[in-house]
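Engineer: need coordinates for the following:
(chains A, B, C, D and E)
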Amino acid sequence: MTEETIQPKVLEPVFNHANGRLLMPETRYWPTDMWKSPWSLPTYRRGAAVLAGLILGIAGVAWFIGEIGPRLAPIYTLAEQFALSYGVPAFWIAVVWTFIKGVFVLLAPALNALFAVWWERKISAHIQSRMGPMYVGWWHGALQTLADGIKLFLKEDIVPDCADKVVHWLAPVVVLIPAILVFAPVPFGKDLIYANIDIGTVYVFAVGGVSVMGIIMAGWSSGNKFSLLGGLRSAAQLVSYELPRTFAVLPVIMLAGTLNIADIAGFQAGYWGGIVPRWFIFYPVVGQVAFIVFLIASVAETNRVPFDIPEAESELVAGFNTEYSGMKFALFFLSEFAYVLLSCLLMSSFFFGGGAAPLPFLDFLPSWAWFLSKTLILMFCFLWFRWTFPRFRVDRLMDFNWKFLLPVSLLNIAAGGVLIWLLS
Amino acid sequence: MGIVLDNLSKIEALPGGGIALATSDELINWARTSSVWPLTFGLACCAIEMMAAYASRFDFERMGVFPRPTPRQADVMFVAGTVAKKMADPIIRIYKQMPEPKFVIAMGGCANCGGPFYDSYAVVKGVDKIIPVDVYLPGCPPRPEALMYAVIKLQEKMRKMTVKGGHGATPLQGTGSRKLT
Amino acid sequence: MTADEILAKLQASFPGLVKSEAPLKDYPTWTVPAGSVRAVFERLHSKFSFNYLDMVTATDWSGPGNPKGYPQSPAVTPAAAGAPSATAKDVFEVVYIVSALSTGMRLCLRCELPRKEAAVPSLYGIFMASDWQEREVYDMYGIKFEGHPNLKRILTQDDQQGHPLRKDYEHVADKFD
Amino acid sequence: MKNYIAFVFDASWNTLKGLWVTLKVLFLPSITVQYPTEKIVPYARFRGMLAYDAEACIACGMCVRACPSKCIALAKAAAAPVPAPVEGQPAVPPAKPKIEWYTIDYGRCNFCGLCEESCPTKPKKALWHSLDYEAIFSTRAEMVRRWKRGDDLWGTARKTADGQLAPITDQIHIQSVPVRK
Amino acid sequence: MTKHAHAPADLKADQMFINFGPQHPSTHGVLRIALTVEGEVVMKGDPDVGFLHRGMEKLFEARTYSQGLILTDRLDYISATHNNLGYCLAVEKLAGIQAPLRAQYIRVLAAELNRIASHLVFFGTFGVDMGAFTPFLYAFREREMIMDLFEMLCGGRLLHSYVRVGGVAADLPAGWTEKCREFLNFFKPMLKDYDTLLSGNPIFRSRTEGVGIIGADRAVSWGLSGPTLRGSGVSYDVRKAEPYCVYDKLNFTVPVGKNGDCLDRYYCRMKEMEQSVEIAFQCLDALAGAELNPGEVMAKGVPKMFKAPAGQAYAHVEASRGDLGFFAVSDGGFNPYRMHVRGPSFINVAILQEILVGCKIADVVAILGSLDIVLGEVDR
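Structural biologist: Below is the predicted model:
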C-alpha cells in the first residue's frame, strides 16, 4: 500500500461546483492552528465586522425612528375624529382600536419565536465551535425557522389510537392561549403597552400558571408512558417553582409601591449621583438576590435546562411532546419561547428599569430600543444556561427549590422590609 | 404569500411535458428540503460516524438537519448499522410511527445488503427487505461528508415531488428502493 | 503456591481431575469430569482464593463445520483443507478460565460432555459472572446448565431453530432471508 | 451551618467557571468544514471507492480470494492464439492473460484494503482504493458495477429498471476535480 | 414486537411497565431494559440484549485468519485497534509468531490513541445522558483530530484493521509524528477545561455521587473489568497484571476509585486519558530513537493465507471497556476452528439486573452511561 499507487487514468472533472473549494490534506481546520491567533483569520475578522456593523445599524435605525409610544396618541385622536365625523359610535372605535393593538401584541410572540429559535441555534452552534444553520435563508440561515414552521405545518398530524382524542387536541391550545394573553400588561417601551392595568404583576403570574394545565393534559392524553411521566414531572416542577418566582418579585413591589408593571419600570428612572441608574438590581442586597432567584425560577418556569425534566431528552425520549407531530408540536415550541420572552421582558422591567438608559448621556436612543436590548441580553443568558448545565434529577430539583430557593426568597422579603425602613 | 425566498421561480412550464412546478410545490419542497429532521437511530458503527456528522467539524445543522429523539417529529430515518433479525420488528414499528412524508437513507454496507455479514444467520440482508429505502450509501462506515452527500441527493429527489402527484405524502411501498416522483 | 501444588492437593479429593494433554498455551490446563465441576470451583473459590471467573465458553469437536449453516456460501468454506478427522470426536467441551486477582494466577478447566443431551452443573451461586455467559453457551450450543435460575436464549431471535454454533447446524430460511 | 455556606459558595463558583468555559469558546472561531462548498481531500492512504484499471489487470483472481465479503467476480478472456514460432525471430512470449469482465459489489464491500494489498500487478496496481467517498445508489442493481476492457476507472452500473448499463453520474471524483484557485 | 416485551403478568396496581426500548436516545445503541416502575422508582429492571447479534463467532469459522481480522473491527467499533490487537496476539500465540519491536511500539501508540478517542466518546455521551449537550461536541472536536491521525496512518477513520498478524500494516507516514505531538500538546490542557465544564459542576455531582454503587467483592463476583471494576476499588489492569507488547517497558499508573459510584467510574476514565497521553509521549520518544530501524514493521515469512498449527490459545488485552479476551482453537486449517470473544461490555451490562433496583429513572440513564457499554461487543 505505497503512496504512488494512486494515479487515476481518466481526469474529466465530473463535479465543478461554482464556489467549491477543495481543502488539500494540510488544511484540516485543526483547533490548534485555528485558535492560535483568531484575529489573523480573514473569515473571523469579516464576521466580527459584520456583527459590529449590524449592532450599530440597528442602533442608528432605532435612533432615527425615535419614540413610538407618545406619537401613537395623536394618531389615535386623529383617527377618532375622522371616524366620529362619519358617525361611527365611540364604542365601536374603541373596539377596533383594541383589536389593532391586539394584532401587534399577537405579533410579539410570533416574531419572537421566529427570531429566538434561529438565534438559539446560532448561539448554541458557536458555543460548540460550529456554525449552525447556514444554507436555508440568504444570510446565515435566516429563514431556517420559517422553513421548519412550513414543514411542520405540512406534516401528517398523527393522533395515537390509544390517546384521549379531545384532550390530546386541546392540550396545545390550553398551553398557547395563556402564552399570548400574558403579554397584555407587559410594556414594550414608554407607554407602548396593550392594557396598562394596575394589577399587571398579579395578572401575569395568574395567567402564566394556566399553561401548566395544558402540559399535564398533553402528558396524560398521549397514551404514552414516557409522556405521562413527563406530564406529572412538569406538574410538580412548575407549581413548586411558581412560589419563589412570585416571592422574588415582592421586594420590588414593596419598593415600587405599585403592581402596575409600567409604573414599576417608570419608578426606576433617574440616577444616583449622576452615574448609577436607580434600577432595583443596584439596591444593596435585596436587588441582587431577588434578581438571581427570579432568574433561576423563570428558567424553571420555561422548562429549560437545567430544569427541563418534563421533556428530558435522554430519559423520557421527548417528555410530554413525545406523541405530538406536525403543527401541534410547533405550538408547544412557540409557547416555550413566548414564556422565555415574557420572563426576559418582566426581568428587564422589574430589575433593569424598562426603557431607562443605563447612563445619562446615552438616552438619545428611544426607550423601546433599550428595553429590547436588555431583553435580548437576558435571553442570551437563558440560551447560555441551556448549553452549559446538565439536568437536575427530579428529587434534587425539588430539594433545590423547597430547601434553598424558597427560604432565600422569604429572607429576601424580610431584607426588603428592613431596606425600606432604612430608606424612609 | 409575499415572502421573499431565495431563487423562488414562478410557474415553470417545461416545453414538451416535463414537470410543471407550480409555486406552491416549489415552496413546499423548499420547506421540506431545508428542514430535514432525522431520527436519532443508531444501530452499530455507522451511528458513531453519524454522531461525528452532527458534531462540530461536519456540522449537519448547517443544512437544517436537527436530530429528533421521537419518531413522531422525524422526517428521515438514517438506518445506520447492521439490521439484526431481532431488531427487524422494532425498525418496522418505528418506521410506521413516523408521520408522512417520510424517507429512509440506508447508511453503510450492512444496511445496503448485509455488508461484511452477508452470510450470517442472524442478519437481515439489507434494510430494504423490511422498509422502503430512498437512498443507499456505500461505505463501511461512510465518511460524515458522504452522509451529507446522501442527504443532498435525497433533497434533490424530494424537490421533484409534487403535491398533485402524491398528495404531499411519499408513495406507499412495502419494501425495496423507491421512486419519489 | 504453583498450579501443580494446587493440582496435587485437589487430586486427593477429586480423582477424575487430570492435567489435559492439549493444554492452552502458557496457562495450566486441567480436565474436570462433568459431575464434579461445581465442587472443584467451590474448593478453588474458597481455599485458593480464585475469585474472578474470566470466561465460560464451549467448543464442538465433531469435525469440520457444515457449509449449509450459512444462508449464503461463505468466503472460505469451513471444510477447506480443514481438520484431519484425527481431532474430530463426537463431544462438546466446556472451557472455563478462572483467575485469582490477588496472586495473578490464571487456570483453564475443561470438561467433555456427550453431544446428545449435554448437561453440566451451573456455577450460578459461586461466580455471578457465569449467569449470562452460561445462557450464551446454552443459546449457541444447547448445553443445559443445571441449577441456572433462568436458562433462556439471550442473543438469538426468539423463533431461532436450533443452536447456531453447533458444527452440524443447518440454517432454516426464515421470513427475512 | 458553616459547611453549608461553603458548599453554596463552592457550587456557585464552579457554576460560574463552567459558564466561563462556554463563553470563552463562543468567541473562538468555529472549526466547521462547510461540506458542499469546502471539501476535504483525504490523505493518500484513505480507503475510498474502489477504482479498477482493466488494462493493467492480469485476471489472476488473487483479489477474489482475499476479499472477506466475496464482492469481486471476474472472468478471464480466452488466451490469444500464440503465432506459430518462426525460427528467424526469437520465440514470441505467450501473451499476458487479459480480463473478459470484472464486477465489484459496492454494497457488500467493506473498504478494508485486503484486495489492494493482494494485487500482484507491478508497477501500478490494477485495483486500488481511490480517494472518492461521495457515491450513492438509488436501487439495489446499481450497487454492482461492471468493467470491460476500455471502460474508464469508475466502470458502469446497472441504472434503470430495464437493466441498461450506464456510466456513473452519482459519484464525485475528488482526485480529478481541479483545485479552484 | 418480541413476545416478552409486553407487561409481565404479576404487575401490581400502581406499577407501570416501561420498555426502555431498543430505540432510546440514551441506551448507547440497541439495548432494551424492561423496567417495572412505581412512580419514578424502579422496582425491577432486566436488560434484554441481542438486538445487534450478527453471529460473529460463526463467521470467524468461515474466514481465514487475515480475513477474520476485518470482522474484529466491528466488535467494539469505538476502539477498533484493541480488538485487532487482541485477535492478533491470540493468533500469534497460536502460530508462534513474534512481532518486531518497532511494530510493538506502534501497536501500543495506536492502542493508546484509540483509548483516548474511546474515552472521549464516553465523556461526550455521558454528558448528553446528564443533559449537558456541549461536552459531547467538545469531546468530538478533539476526537476528530485523532480520527485524522488514524486516517493518515491506516486509511480508516473509525475501523482501522491496522494491526495485522505478525506486525502492523504499514509504517508511520512522513509528518505523522509531528501532527501527533501537536495533538497531544493541545489535548493535555483541554482535559482541565472538561473538568471545569462537567466534573466540577454541582448539578453533575449531585446526579452521579452515590448513584449505582457497586461494592468491590460484588464487582469481582460479577466479573466486571476495566474502568467499571477499577471504579469500585479493585486495581486489576491487564496492562499491569499480564503486560503484553511493550507495556512492561513503559511507566504509567492505573487510576483506581474508592466507593464504586458513577462519579468514580467517570473519574477513572478521565484520569486514564491523562495516562494514555503520557504513554503516547513515551512511545513517540522511543520510536524517534535510532535503535528501532524504520520500515521493519512486519514479522518475516508470514504469508497472507497461513495455516496455524493445531492447538488452543487465549490472549487478552486491556481494551477501553475492559478485559477483552480471544479464545482461539485451531485444527491446522486455513480458518480458525473456534474463535470465542470474551466481550467486557457483555459481562459488565449483566450487573444492571442488580444495581437498577431501587433507583430512579434518571439514575438508570446515569448508571447505564457510567458502565460505558458498546452493543457491538455485547451482542457480537
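
Engineer: which residues does residue A:134 contact?
Structural biologist: Taking C-beta atoms under 8 Å, 6 or more residues apart in numbering or on different chains, we find residue A:134 in contact with A:140-141, B:62-63, D:34. Backbone N, C-alpha and C define where each C-beta goes, glycine included.

Engineer: same check, this time on residue B:139
Structural biologist: Residues near residue B:139 by C-beta under 8 Å, 6+ apart: B:46, B:107-109, B:146, D:111, D:133.

Engineer: and residue A:285, by the same measure?
Structural biologist: A:415, A:419.

Engineer: swap in 7 Å and give it another go.
Structural biologist: Each residue near residue A:285 by C-beta atoms under 7 Å, 6 or more residues apart in numbering or on different chains is listed here: residue A:415.

Engineer: show me what the lengthiest helix in chain D is packed up against.
Structural biologist: For chain D, the longest helix by residue count, based on DSSP state H, is helix D:2-26. Counting contacts by 3 or more C-beta pairs under 7 Å, 6 or more residues apart in numbering or on different chains; DSSP states H and E, helix D:2-26 is packed against helix A:90-127, helix E:202-208.

Engineer: now do the helices in the stretch 251-380 of chain E.
Structural biologist: E:262-288, E:344-348, E:352-355, E:361-371, E:375-379 (DSSP state H, counting those that start in this stretch).

Engineer: my bad, chain D
Structural biologist: Using DSSP H, the helices of chain D run over residues D:2-26, D:62-66, D:114-118.

Engineer: returning to what we had before: what's the most buried one of the helices and strands packed on helix D:2-26?
Structural biologist: Of all the helices and strands packed on helix D:2-26, helix E:202-208 has the most neighbours on average by mean count of other C-beta atoms under 10 Å in any protein chain shown, namely a mean of 23.

Engineer: now do the buried residues in the next helix-or-strand element following it.
Structural biologist: Next in sequence after helix E:202-208, counting helices and strands by DSSP states H and E, comes helix E:216-221. Neighbour counts over helix E:216-221 (16 or more other C-beta atoms under 10 Å in any protein chain shown) mark E:216, E:218-221 as buried.

Engineer: and what of stretch B:81-99?
Structural biologist: In terms of neighbour count (16+ other C-beta under 10 Å), stretch B:81-99 has its buried residues at B:81-91, B:94-95, B:97-99.

Engineer: and the residue in chain D that chain C sits nearest to, what pLDDT?
Structural biologist: Across chain D, the shortest distance to chain C (C-beta to the nearest C-beta) belongs to residue D:70, at 5.0 Å. For residue D:70, the model assigns a pLDDT of 89.

Engineer: now the closest residue to it other than its chain neighbours: how far from residue B:85?
Structural biologist: Once flanking residues are discounted, residue D:70 sits nearest to residue C:75: 5.0 Å by C-beta to C-beta, 6 or more residues apart in numbering or on different chains. Separation of residue C:75 from residue B:85 (C-beta to C-beta, to the nearest Å): 21 Å.

Engineer: got the residues of chain C near chain D?
Structural biologist: Chain C comes close to chain D at residues residue C:75, as judged by C-beta under 7 Å from any C-beta of the partner chain.

Engineer: pLDDT weak spots in chain C?
Structural biologist: For chain C, residues meeting the criterion pLDDT under 70 lie at C:79-87.

Engineer: show me where chain D has strands.
Structural biologist: When assigned using DSSP state E, the strands of chain D occupy the ranges D:38-40, D:50-52, D:72-76, D:99-105, D:127-129, D:134-135, D:144-148, D:156-158, D:165-167, D:171-172.

Engineer: in a markdown table: those, plus distance to residue A:317 and mean neighbour count.
Structural biologist: As requested, the strands of chain D are arranged in a markdown table below (distance: least, C-beta to C-beta, whole Å; neighbours: other C-beta atoms under 10 Å in any protein chain shown):
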| stretch | distance to residue A:317 | mean neighbour count |
| --- | --- | --- |
| strand D:38-40 | 34 | 21 |
| strand D:50-52 | 40 | 26 |
| strand D:72-76 | 43 | 16 |
| strand D:99-105 | 37 | 19 |
| strand D:127-129 | 40 | 23 |
| strand D:134-135 | 33 | 26 |
| strand D:144-148 | 39 | 19 |
| strand D:156-158 | 40 | 19 |
| strand D:165-167 | 44 | 12 |
| strand D:171-172 | 37 | 22 |
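
Engineer: got those strands as CSV, with distance to residue A:77 columns?
Structural biologist: Shown next, in CSV, are the strands of chain D (distance: least, C-beta to C-beta, whole Å):
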stretch, distance to residue A:77
strand D:38-40, 59
strand D:50-52, 80
strand D:72-76, 87
strand D:99-105, 81
strand D:127-129, 80
strand D:134-135, 66
strand D:144-148, 79
strand D:156-158, 76
strand D:165-167, 75
strand D:171-172, 67
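
Engineer: any chance of these in CSV, with distance to chain A too?
Structural biologist: Converted to CSV, the strands of chain D look like this (distance: least, C-beta to the nearest C-beta, whole Å):
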stretch, distance to chain A
strand D:38-40, 5
strand D:50-52, 7
strand D:72-76, 17
strand D:99-105, 15
strand D:127-129, 5
strand D:134-135, 8
strand D:144-148, 12
strand D:156-158, 13
strand D:165-167, 10
strand D:171-172, 4
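
Engineer: and chain E, which of the ones you listed is closest to it?
Structural biologist: strand D:127-129 (7.0 Å).

Engineer: avg pLDDT for that closest one?
Structural biologist: 89.

Engineer: wait, does that strand contact chain B?
Structural biologist: No. Judged by C-beta under 7 Å from any C-beta, strand D:127-129 and chain B are separated, with a smallest distance of 11.7 Å.

Engineer: helices and strands around that strand, which ones?
Structural biologist: Here strand D:127-129 touches strand D:50-52, helix D:114-118, going by 3+ C-beta pairs under 7 Å, 6+ apart.
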